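J.: when you get a sec, could you give me coordinates for this:
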Amino acid sequence: MLSYKHNEYEYIYDENNEDNLIEIRKDDVLVNNVQSPISNLEDAKALQNTVLMLGIEQ
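T.: So this is what the prediction gives:
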């Protein structure tokens, strides 16, 4: 599982998720799910770059 924090939001990607979903959480509460166009993100930096590319960073 990969995670990336920015401000009060956390972006979580689980490699075992078949839908390539990125969870967006605030204070440990699920706010939204966004499907990643890139499967098998390798590390937290790749997750950060994907979040920036999608324009979903809060």
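J.: hmm, who's touching the helix or strand where I12 lies?
T.: In this structure, I12 sits in strand 9-13 according to DSSP states H and E. Taking contacts as Cβ atoms under 8 Å, 6 or more residues apart in numbering, the residues outside strand 9-13 that touch it are 1-5, 20-26, 31, 36, 41, 47-48, 50-51, 56-58. Backbone N, C-alpha and C define where each C-beta goes, glycine included.
J.: ok, L2 touching L47?
T.: Yes: look at L2 against L47 with Cβ atoms under 8 Å: they come within range, at 4.7 Å.
J.: and for these two, which residues touch both?
T.: Counting by Cβ under 8 Å, 6+ apart, the contacts common to L2 and L47 are 13, 41.
J.: could you list every helix and strand in contact with the helix or strand of the chain with the lowest mean pLDDT?
T.: For the chain, scoring each helix and strand by mean pLDDT, DSSP states H and E identifies helix 44-54 as the least confident one, at a mean of 89. Based on contacts counted as 3 or more Cβ pairs under 8 Å, 6 or more residues apart in numbering; DSSP states H and E, the elements that helix 44-54 packs against are strand 2-6, strand 9-13, strand 21-26.
J.: swap the cut-off to 10 Å and go again
T.: Counting contacts by 3 or more Cβ pairs under 10 Å, 6 or more residues apart in numbering; DSSP states H and E, the secondary-structure elements packed against helix 44-54 are strand 2-6, strand 9-13, strand 21-26, strand 29-35.
J.: coming back round to it: any idea of the mean pLDDT for the strand holding I12?
T.: The pLDDT scores in strand 9-13 average 94.
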